[in-house]
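Enquirer: Here's my sequence, what's the structure:
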Amino acid sequence: PVTPEEEALYDDIEFSLESFKKENKVPSLMHDNKKDLLMARWRYPSLSLHGIEGAFAGPGAKTVIPAKAIGKFSLRLVPDQDRQRIEKQVTKHLNKVFADLKSPNKMEVTMLHSAPSWLSDPKHPNFEAAARATEKVYGSLPDYTREGGCIPITSAFEEATQMNVCLLPVGACDDMAHSQNEK
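Expert: Numbering: from 1, shown residues only. Prediction:
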């Protein structure tokens, strides 16, 4: 559950819903206030569609139906979600929906990789030191965004070193990490 202390972290984040809509070229958002939108993007589980292979992708119309198509998506897990359980549930759901279509085609669900969710304590001395350094360099305290979800290397580092891991961004908020157009 969201604690009042965690919820308060979103209060001072400078963020404009109107600018966000404009930057993403959308007429409306799923949430009408900053806190709910940011929590949906940063705190809660999410599903991201990454692409479709096999379909014609060039400009213009094309009526050819491909013999094979591949869809790619990922799920961001949060603490207390069991990745093996989630994989079974998603696979079962996709297979049920496909079976309901009564299609003569075949479908296969494959998980390419998974990682446990990761969450660190922003009150840890590493985070406090990073906040002081950020303030010294940039003249303002950092926002605690809770982005990430399941970054495999963080859990591996923590397990291997038995130490806290502190992730610091080295880019702008509009860098579009992991996408075709990332800066």
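
Enquirer: Check this protein for its longest helix and report it.
Expert: Ordering each helix of the chain by length in residues (DSSP state H) puts helix 83-100 first.

Enquirer: Bridged to the residue nearest to the spatial centre of the chain, which residues?
Expert: The centre of the chain sits closest to residue 76, judged by CA atoms, centre = their mean, with a distance of 5.2 Å. Taking DSSP bridges as the rule, residue 76 bridges to residue 46.

Enquirer: What about residue 133, how many residues nearby?
Expert: When neighbours are defined as other CB atoms under 10 Å, residue 133 has 12 of them. Every residue, glycine included, has its C-beta placed from N, CA and C.

Enquirer: Could you pull up phi and psi at residue 71?
Expert: Here is the backbone geometry of residue 71 (degrees, to the nearest 10): phi -110, psi 140.

Enquirer: what is it paired to in the beta sheet?
Expert: Using DSSP bridges, the bridge partners assigned to residue 71 are residue 52.

Enquirer: Isn't it up against residue 48?
Expert: No: in this structure, residue 71 is not within contact of residue 48 by CB atoms under 8 Å, at 12.0 Å.

Enquirer: between the two, which one's more packed in?
Expert: Each of residue 71 and residue 48 has its neighbours counted (other CB under 10 Å); residue 71 has more, 14 against 10.

Enquirer: I'd like to know how far the residue nearest to the centre of the chain sits from residue 66.
Expert: In this structure, residue 76 and residue 66 are 29 Å apart, going by CB to CB, to the nearest Å.

Enquirer: list the buried ones in the next helix or strand after the longest helix of the chain?
Expert: Counting by DSSP states H and E, the next helix or strand C-terminal to helix 83-100 is helix 125-138. Across helix 125-138, burial judged by 16 or more other CB atoms under 10 Å covers 127, 130.

Enquirer: ok, now stretch 43-55?
Expert: Neighbour counts over stretch 43-55 (16+ other CB under 10 Å) mark residue 43 as buried.

Enquirer: Please state the offset of stretch 30-39 from the chain centre?
Expert: When distances are taken as CA atoms, centre = their mean, to the nearest Å, stretch 30-39 is centred 15 Å away from the chain's centroid.

Enquirer: Please read the previous query as pertaining to stretch 25-40.
Expert: The answer for stretch 25-40 is 15 Å, by CA atoms, centre = their mean.

Enquirer: What are the buried residues along it?
Expert: Applying a neighbour-count criterion of 16+ other CB under 10 Å, one finds 34, 35, 37, 38, 39 buried in stretch 25-40.
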